[in-house]
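K.L.:
Just to be clear, the model below is a prediction. Sequence and coordinates:
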Amino acid sequence: MSEHNYSHTEIEREVQKHWADNGSFEVTENSDKPKFYCLSMFPYPSGQLHMGHVRTYTLGDVIGRFQRLKGRNVLQPMGWDAFGLPAENAAIKRNIPPAKWTYQNIAHMRTQMKALGFAFDWSREFETCDPDYYKWEQWFFTRLFRKGLVYKKAAFVNWDPVDQTVLANEQVIDGRGWRSDALVERRELAQWFVKITDYAEELLEDLDKLGGWPDKIKTMQRNWIGRSEGVEIKFQLDGAEAVSVYTTRPDTLMGVTYLAVAPQHPLAISAAGNKPELQAFLDDCNQTKVAEADMAKQEKLGLPTGQNAIHPITGEPVPVWVANFVLMEYGSGAVMSVPGHDQRDWEFAKKYGLPIKQVIEPAESNQAECNLDLEAFTERGVLVNSGKYDGLQFDQAFEAIAAALVQKKCGERQTNYRLRDWGVSRQRYWGCPIPIINCDKCGSVPVPDEDLPVELPTDVQFEGVGSPIKKMNDWYETSCPDCGSAAIRETDTFDTFMESSWYYARFASHNDSEAMLDQRAKYWTSVDHYVGGEEHAILHLLYARFFHKLMRDEGLVESDEPFEKLLALGMVLQGGTKMSKSAGDAGDPQHLMDRFGADAVRMAMMFAAPPEQSFEWSENGVESANKWLRTRLWNTIVDHLAGGELPTLDVASLSSEQKDLRRSVHETLAKCEDDFGRRLAFNTVVAAVMSLMNQVTKFEDSSGQGRAVVHEALTVAVLIMSPITPHICHTLWQMLGHGDIEIADWLPVDQSALEKSVVELAVQVNGKLRGKVELSPDAEQDEAVSVARLQENVEKYLIDKTIRKTIYVPNKILNFVVS
RNA sequence: GCCCGGGUGGUGAAAUUGGUAGACACGCAAGACUUAAAAUCUUGUUUCCGUUAGGAAGUGCCGGUUCGACCCCGGCCCCGGGCACCA
């Protein structure tokens, strides 16, 4: 009989067929049960699953299956983040159209996911490269256009002068194009932006509502948004123009000894007109990649523009420099430099011999010393060398100087954000076409609703130089929807973060051909539990939060936030870094699934580490997981069932050994419920069940009640393991006589089984462990002390000593503090 | 460089509210079964001293708070994630 030997191949195939035949995981909105939307971040279809996917989707599946056991109407959908760069790379390398490559990958990865037994509602599956999906993204963009939430402006890109193409940051290696090896240039292109900064304040404030998010993610988002209070100050130039700088330290204004502007600042460009040396410097600065990390790592360099600005308070001339570390994208692209009180300015001033002036001194004796020969003094303190402002503290100085600037009409108080508007244009082929028509007379005109979707042609020749649709006259030549004259479509496509910013909502209304979202989206959103890698802590999660608010303001959803609770997973590392598309085929779980089964792969992954922790993947655990399932779980149950007739459990008649086992059963049940639901510690769930099964194995009691207690233990063990190893548990649950586990309920803890007659108390002397005693759980301190002192090894540390203090924590510790 | 995390036996880790550090596994060693091997089972396994009883040290490093610190505070080192066009 197949029931005597564990065959993962047979069981997993049969159980998966059962789920498919019964539509076990297809859900509707018509349920008495409270809804639970459990979502794992959908994958980019890179080719095959890697261990990072296995981890994410197993964790999501464990949460979803546990919530089903807890009586929730659980939606767990899956789809494909199907647009993106790797499809274009593959197209170049293998001469296969991106669409074909993408759909092949999806087919393979879907098969792998099904083999892993995830409880997805596959009826809702979609891929973002499907016009039925991106049509609504285009439709929504035209709504934003009409609301004035999108605009076009020039922005810098990485330009490969040989391949004549725009490169992603990851395609620029040591300043050179990855394929051409040419030095990359910054180039300015007109691009579409969405006004996320209009929502900066709400995105910041609403972080406080996200009680189910880890603090570290909220902190990262807070810092990314980077709200600050400061002053925008206008420095008049020698000529008529002025240059604006933003500072959060107006108290240091009297210490300004120069201004620094970004290499792309208009002032720098005009100054370079008659200065070849400066022009050469600007050209150099434009040969770095458009990534902040690269800018920050560069040697800090600068040149004077030759112009002076007028200090708004003192009226003294202040030289204006160009510096490669000033970001054009942040603030006004210019800063006032106070080398006495800003470390970066200090280093720059030292390097170029610019004056350093102290205007702040330490206010309190416990502050660091101020020695401007060694470093800048950057703490807040008391003003000096600042004329009438001398002696003021930071707050007073901020107010006084800001007020003076406002009064002189050369400054304004300003709240600033580090967050920049979201640039959504990509000069790529494999993406969602931007639904705009450019007309010489009417300007940018959104594509009318009835003409949507603007379909991306998929039958293309892909050469790798530029985007195919930029060469397809038939496609981009059109007429203006407003005036009817000849016009040209946008040939740029959207950033793929657009698609991933609203897919969670579309899973609810996946098949609505009349609207982007419908009532079902209002039922299912917000997502109750969102699961995905911590690498998405900022960009994806911030864009999705933003999009949700945009959709709310369009009346499409009702909540303020898309994701109630967030599980931010640590990375599955491989050779010390994250597994990724660019790392190739590494980490494919297929051979492990074939040899040891999906249950063993899932169990090994859950057991390896707690979810939020990064860890180096090792295959070793899979074989032992398979072994445990086979020997400890399956064989134990088969042996137990071979014992024949089973009496009903009579709790009142149990021996103390039987009670001990039963206590462990209910302790394990309670612990695992907490681990699953609150702590999300699935590694310790596995450990707890292993521990319980070790006890069951050692429990040799073939009496009727002995077997009844074991039966309860095995039932509980299978129930607890079922979210993690669903196939084997489906079969074992039936063998134990309980029916279909997909519709089972979690079991209640029998509180009376948890009662203990004795507890162990650790006895310390001066904090060092000297013995252990057994006591009744409600023992008073006097009793604990007298029992503890009966122990020779405790008493010998107390004799001839004065007990200064006795600390008693019932059921835990007794500590004698002696002199 | 900036922002956010992490560091515990040979290895993955546990310790949930400041209260017995190393649960549960892997690996390794010894043993049982076997003609043998595999499989399976049993025992041991932080380091050092000690026959045992027991003792000392120990959670990246240095310092602090506390009766008591893997846990809280300050400084440092190393590793990982993110830095706006990888997703």
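P.N.:
That came in fine, so what should we check first?

K.L.:
CA atoms for contacts and neighbours, from now on please.
P.N.:
Fine.

K.L.:
so A:Val318 bridges to which residues?
P.N.:
A:Ala309 (DSSP bridges).

K.L.:
again with A:Ser337
P.N.:
Counting by DSSP bridges, the residues bridging with A:Ser337 are A:Tyr258.

K.L.:
So for A:Glu379, what pLDDT did the model give?
P.N.:
pLDDT recorded at A:Glu379 is 87.

K.L.:
is it true that A:Ile741 touches A:His730?
P.N.:
Yes - A:Ile741 is within contact range of A:His730, at 5.7 Å (criterion: Cα atoms under 8 Å).

K.L.:
and the two? which has more neighbours close in?
P.N.:
Between A:Ile741 and A:His730, counted using other Cα atoms under 10 Å, A:His730 has the larger neighbour count: 22 against 19.

K.L.:
does any bit of the one helix or strand in chain A whose mean pLDDT sits lowest sit next to RNA strand B?
P.N.:
Least confident helix or strand, chain A: strand A:577-578 with a mean of 75, by mean pLDDT, DSSP states H and E. Yes - Strand A:577-578 lies within reach of RNA strand B by Cα under 7 Å from any atom of the strand, at A:577-578.

K.L.:
Quick check: next helix or strand after that strand?
P.N.:
Using DSSP states H and E, the next helix or strand after strand A:577-578 towards the C-terminus is helix A:590-596.

K.L.:
For whatever helix or strand comes next after that following helix, which helices and strands make contact with it?
P.N.:
Counting by DSSP H and E, the element after helix A:590-596 in chain order, helix or strand, is helix A:598-608. Using 3 or more Cα pairs under 8 Å, 6 or more residues apart in numbering; DSSP states H and E as the contact criterion, the elements in contact with helix A:598-608 are helix A:8-22, helix A:51-69, helix A:590-596, helix A:620-627, helix A:682-698, helix A:726-735.

K.L.:
which is the next helix or strand following helix A:598-608?
P.N.:
Toward the C-terminus from helix A:598-608 - assigned by DSSP H and E - lies strand A:615-616.

K.L.:
for A:Phe83, phi and psi?
P.N.:
Here is the backbone geometry of A:Phe83 (degrees, to the nearest 10): phi -90, psi 150.

K.L.:
go on, A:Arg187?
P.N.:
Dihedral angles for A:Arg187 - degrees, to the nearest 10 - are phi -140, psi 140.

K.L.:
re earlier: out of the helices and strands packed on helix A:598-608, nearest to A:Gly484?
P.N.:
helix A:51-69 (49.1 Å; Cα to Cα).

K.L.:
For the closest one, give me every contacting residue.
P.N.:
Outside helix A:51-69, the residues that touch it by Cα atoms under 8 Å, 6 or more residues apart in numbering are A:36, A:38-41, A:43, A:74-76, A:118-119, A:530-533, A:569, A:571-572, A:579, A:587-589, A:602, A:605-606, A:611, A:617, A:676-677, A:723-724, A:742-746.

K.L.:
Give the buried residues for stretch A:24-41.
P.N.:
A:25-27, A:29, A:35-41 (16 or more other Cα atoms under 10 Å).

K.L.:
Can you tell me what sits against that stretch?
P.N.:
With Cα under 8 Å, 6+ apart, stretch A:24-41 has contacts from A:19, A:56-57, A:60, A:63-64, A:67, A:71-78, A:119-123, A:504, A:520, A:523-532, A:742.

K.L.:
I'd like to know which of these are buried.
P.N.:
A:56-57, A:60, A:63-64, A:67, A:71-78, A:119-122, A:504, A:520, A:524-532, A:742.

K.L.:
Out of the residues you listed, name the ones that lie in helices.
P.N.:
Using DSSP state H, A:56-57, A:60, A:63-64, A:67, A:504, A:520, A:524 are the members of the buried ones among the contacts of stretch A:24-41 that sit in helices.

K.L.:
out of those residues, who's nearest A:Leu550?
P.N.:
Closest to A:Leu550, out of all of those and judged by Cα to Cα, is A:Tyr504, at 14.4 Å.

K.L.:
how close does that closest one get to A:Glu127?
P.N.:
According to Cα to Cα, to the nearest Å, A:Tyr504 and A:Glu127 sit 12 Å apart.

K.L.:
With A:Gly532 instead?
P.N.:
For A:Gly532, the distance to A:Glu127 - Cα to Cα - is 18 Å.

K.L.:
Return the residues of the stretch 701-819 of chain A in contact with RNA strand B.
P.N.:
Residues of the stretch 701-819 of chain A lying near RNA strand B (Cα under 7 Å from any atom of the strand): A:760-762, A:766-770, A:772, A:793, A:805, A:807, A:809, A:812-813, A:815, A:817.

K.L.:
Give me every residue in the stretch 301-450 of chain A lying close to RNA strand B.
P.N.:
A:418-427.

K.L.:
swap the cut-off to 10 Å and go again
P.N.:
Contacts of the stretch 301-450 of chain A with RNA strand B, taken as Cα under 10 Å from any atom of the strand, map to A:325, A:329-330, A:343-344, A:417-428, A:430-431.

K.L.:
Pull the number of nearby residues for the residue of the stretch 601-750 of chain A found nearest RNA strand B.
P.N.:
When scored by Cα to the nearest atom of the strand, the stretch 601-750 of chain A has A:Ala687 as its residue closest to RNA strand B, at 3.5 Å. Neighbourhood size, A:Ala687 [other Cα under 10 Å]: 13.

K.L.:
contacting residues for it?
P.N.:
Here A:Ala687 is in contact with A:Phe607 (criterion: Cα under 8 Å, 6+ apart).

K.L.:
Distance-wise, check it relative to A:Ala609.
P.N.:
11 Å.

K.L.:
Would you confirm that A:Ala568 belongs to a strand?
P.N.:
Yes - checked against DSSP: H, G, I helix; E, B strand; the rest coil, A:Ala568 lies within a strand.

K.L.:
I'd say it and A:Gly533 touch.
P.N.:
Yes - using Cα under 8 Å, A:Ala568 makes contact with A:Gly533 at a distance of 5.4 Å.

K.L.:
residue ranges of the strands in the stretch 401-550 of chain A, please?
P.N.:
A:411-416, A:422-423, A:425-426, A:436-439, A:443-446, A:477-479, A:486-489, A:493-494, A:527-533 (DSSP state E, counting those that start in this stretch).

K.L.:
okay if I get those as JSON lines plus mean pLDDT?
P.N.:
Putting the strands of the stretch 401-550 of chain A into JSON lines (pLDDT from 0 to 100) gives the following:
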{"stretch": "strand A:411-416", "mean pLDDT": "95"}
{"stretch": "strand A:422-423", "mean pLDDT": "98"}
{"stretch": "strand A:425-426", "mean pLDDT": "98"}
{"stretch": "strand A:436-439", "mean pLDDT": "98"}
{"stretch": "strand A:443-446", "mean pLDDT": "97"}
{"stretch": "strand A:477-479", "mean pLDDT": "97"}
{"stretch": "strand A:486-489", "mean pLDDT": "97"}
{"stretch": "strand A:493-494", "mean pLDDT": "98"}
{"stretch": "strand A:527-533", "mean pLDDT": "98"}
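
K.L.:
returning to that earlier point: list buried residues within the residues of the stretch 701-819 of chain A next to RNA strand B.
P.N.:
Buried, going by 16+ other Cα under 10 Å: A:761-762, A:766, A:770, A:772, A:813, A:815, A:817, out of these.

K.L.:
Now do the contacts for the closest residue to A:Gly621 other than its chain neighbours.
P.N.:
Closest residue to A:Gly621 apart from its sequence neighbours, by Cα to Cα, 6 or more residues apart in numbering: A:Ala604 at 5.2 Å. A:Ala604 is in contact with A:621-622, A:624-625, counting by Cα under 8 Å, 6+ apart.
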